[in-house]
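Novice: Give me a 3D structure for the following:
(one chain, ligands or ions: 1)
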Amino acid sequence: MTRLRIALVQMNIEAGNTEANFAKMEAGLEEAAALDPKPDLIVLPEMWNTGYALTEIRRLADPDGARAKRLVSGFSRRHGVNVLAGSIAQLRPDGVTNTLYAFDRTGAAIAEYSKIHLFRLMDEHLHLEAGETAGSFELEGVPAAAMICYDIRFPELARKLALGGAKLLIVPAQWPHPRLHHWRTLLQARAIENQMFVVSCNTVGESGGSSFFGHSMVIDPWGEVLAEAEERETILVADIDLALVDEVRGRIPVFADRRPNLYE
Ligand SMILES: NC(=O)CCC(=O)C(=O)O
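Specialist: Got it, this is the predicted structure:
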């Protein structure tokens with residue numbers, strides 16, 4: 001399949017209120033799955049279970065992500081829809097990670113990725129453990145990849161994922177004011193330079209001393225913004241055609257023209 005309908009659940013997350021956040025996440029998934037036509041893929045934002053309640057994160061984090069995995073996997077299977085389950089605060093024996101999962105239409109796990117660049121400005125490095133591997137996977141036969149929020153400031157990671165074949169990059173985030181122009185510019189740059197679709201799901205509202213601006217986006221491999229949310233809770237929907245990736249890569253053959261021996 002080269003065409004995908006994507007729905008992004010741009011939601012307000014209450015820092016530290018996991019029960020409210022789980023309820024909101026489930027309501028958001030149900031609302032997205034009820035769209036007509038139904039989406040092929042639903043995406044959630046970063047750290048949707050706890051928000052940035054980092055000083056209490058060990059108490060709040062989901063042990064092995066068991067609760068989130070059980071709920072989202074069951075939802076995927078019941079509705080026959082792929083879900084990229086945001087990221088959550090996941091409790092592991094060696095600490096808390098900022099981890100996303102993806103499930104296919106049968107509810108089977110197809111991806112797990114823990115954020116590898118921790119964002120010092122929001123104290124992530126003091127409370128979270130960084131992941132150690134990049135996030136590539138396959139979605140309905142499409143080579144795809146995921147990064148989390150601050151990761152998009154590292155073009156070398158996006159390039160590695162694109163060189164590995166990714167045509168679709170999915171980015172859950174909690175990106176606050178006042179850096180809207182960084183968010184939009186970096187996401188568009190990752191799409192243009194790697195000639196791939198970039199799909200980013202942000203949050204809205206005040207939490208943990210930050211104000212999140214939404215502006216979830218779907219950007220095509222030419223850098224065109226196909227859909228962009230405003231600063232309020234919403235389900236943002238866009239239809240993408242993956243065939244455009246090969247067309248753009250054929251028109252400007254960036255990957256064939258690279259000179260890695262000069263700069264790697
Ligand atoms: N949650 C994050 O990683 C935020 C990243 C961010 O705001 C940035 O400017 O980078």
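Novice: use CA for all of it now, contacts and neighbours both
Specialist: Noted.
Novice: Which positions in the stretch 51-200 of the chain make contact with the ligand?
Specialist: Phe119, Cys149, Tyr150, Ala173, Gln174, Trp175, Pro176, Arg179 (CA under 6 Å from any ligand atom).
Novice: farthest-separated two in the residues you listed?
Specialist: Phe119 and Arg179 (13.8 Å; CA to CA).
Novice: what about those two, which has more around it?
Specialist: Phe119 (15 against 11; other CA atoms under 10 Å).
Novice: quick one: that one and Tyr150 touch, right?
Specialist: Yes - taking contacts as CA atoms under 8 Å, Phe119 lies within contact range of Tyr150: 6.3 Å.
Novice: on that earlier part again, neighbour-wise, which one of the residues of the stretch 51-200 of the chain next to the ligand leads?
Specialist: Result: Ala173 is most packed of those (other CA under 10 Å), 28 neighbours.
Novice: who touches it in this structure?
Specialist: Contacts for Ala173 (CA atoms under 8 Å, 6 or more residues apart in numbering) come out as Pro45, Glu46, Met47, Ile148, Cys149, Tyr150, Ser200, Cys201, Asn202, Thr203.
Novice: next one: Ile110
Specialist: Tyr101, Ala102, Phe103, Asp104, Phe137, Glu138, Leu139.
Novice: that older thread, for the contacts of Ala173, pick the one with the most neighbours.
Specialist: Pro45 leads the contacts of Ala173 on contacts (other CA under 10 Å) with 34 neighbours.
Novice: My guess is that one contacts Ala89. True?
Specialist: No - using CA under 8 Å, Pro45 makes no contact with Ala89, being 11.9 Å away.
Novice: can you redo the residues of the stretch 51-200 of the chain next to the ligand as TSV with distance to Glu193, pLDDT and secondary structure?
Specialist: Formatted as TSV, those follow (distance: CA to CA, whole Å; pLDDT from 0 to 100; DSSP: H, G, I helix; E, B strand; the rest coil):
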residue	distance to Glu193	pLDDT	secondary structure
Phe119	23	98	coil
Cys149	18	98	helix
Tyr150	18	98	helix
Ala173	21	98	coil
Gln174	23	98	coil
Trp175	22	98	coil
Pro176	24	98	strand
Arg179	21	98	coil
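Novice: Going by distance to Glu247, which of those wins?
Specialist: Using CA to CA, these come closest to Glu247 at Cys149, 27.8 Å.
Novice: Report the contact partners of the residue of the stretch 51-200 of the chain found nearest the ligand.
Specialist: Closest contact between the stretch 51-200 of the chain and the ligand, by CA to the nearest ligand atom, is at Tyr150 (3.7 Å). Contacts for Tyr150 (CA under 8 Å, 6+ apart) come out as His117, Leu118, Phe119, Ala173.
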